[in-house]
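Novice: When you get a sec, could you give me coordinates for this:
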Amino acid sequence: MAAGGFCKLPNGSVVVALNLPSPQGSAQGCVRFLVLAQNRARALTRLRNLGLRAVYLRGNGAPPTPDEITAVLHHPDGLIWRTAPDTGVACPVPSQELWHPIRALLRRPAPQA
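Specialist: As a prediction, this is how the structure comes out:
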């Protein structure tokens with residue numbers, strides 16, 4: 001079950017936060033994505049264009065925190081992630097991990113000999 005939410009900013013844009021299973025399929029558990037876009041639909045489209053096809057935002061159970069909003073506003077891509085504990089509850093547990101650009105998650109691991 002994916003938890004997520006959004007926050008509308010004073011300039012009209014939105015920050016969407018989603019907890020999704022790790023796209024790498026590893027035992028990382030859950031990944032928290034933050035997306036800055038003009039509206040919710042465009043935010044979800046940005047994630048779908050990266051290969052996360054089954055991304056939907058239903059409700060506002062886990063909106064981005066003020067710290068998360070600040071993090072995504074200061075990132076040049078406006079799309080960041082970090083692992084999140086998979087607690088099974090809608091409200092995400094804060095992580096001590098730093099935020100990463102989306103390129104770091106989608107990068108394929110180097111083949112091992």
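
Novice: quick one: low-confidence parts of the chain?
Specialist: The chain contains residues with pLDDT under 70 at 1-2, 23-28, 85-95, 106-113.

Novice: Show me the strands in it, by range?
Specialist: 4-8, 14-21, 30-37, 79-84, 100-101 (DSSP state E).

Novice: Can you add mean neighbour count and distance to Pro63 and give those back as CSV?
Specialist: To be clear about C-beta, it is placed using only N, CA and C from the backbone, and glycine gets the same treatment. Formatted as CSV, the strands of the chain follow (neighbours: other C-beta atoms under 10 Å; distance: least, C-beta to C-beta, whole Å):
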stretch, mean neighbour count, distance to Pro63
strand 4-8, 19, 3
strand 14-21, 22, 6
strand 30-37, 23, 11
strand 79-84, 20, 14
strand 100-101, 14, 21
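
Novice: Could you export the ones you listed as TSV, including distance to Asp67?
Specialist: Shown next, in TSV, are these (distance: least, C-beta to C-beta, whole Å):
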stretch	distance to Asp67
strand 4-8	12
strand 14-21	11
strand 30-37	10
strand 79-84	12
strand 100-101	15
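
Novice: closest to Leu73 out of the ones you listed?
Specialist: Judged by C-beta to C-beta, the one of these that comes nearest to Leu73 is strand 30-37, at 6.6 Å.

Novice: list the helices and strands the closest one packs on?
Specialist: Helices and strands touching strand 30-37, by 3 or more C-beta pairs under 8 Å, 6 or more residues apart in numbering; DSSP states H and E, are strand 14-21, helix 40-49, helix 66-73, strand 79-84.

Novice: Direction included, what does the last one pair up with?
Specialist: Think strand 79-84. Strand 79-84 has the following strand partners under DSSP bridges: strand 30-37 (antiparallel), strand 100-101 (antiparallel).

Novice: got CSV for the helices and strands packed on strand 30-37, with distance to Arg103 too?
Specialist: Putting those into CSV (distance: least, C-beta to C-beta, whole Å) gives the following:
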stretch, distance to Arg103
strand 14-21, 17
helix 40-49, 13
helix 66-73, 15
strand 79-84, 9
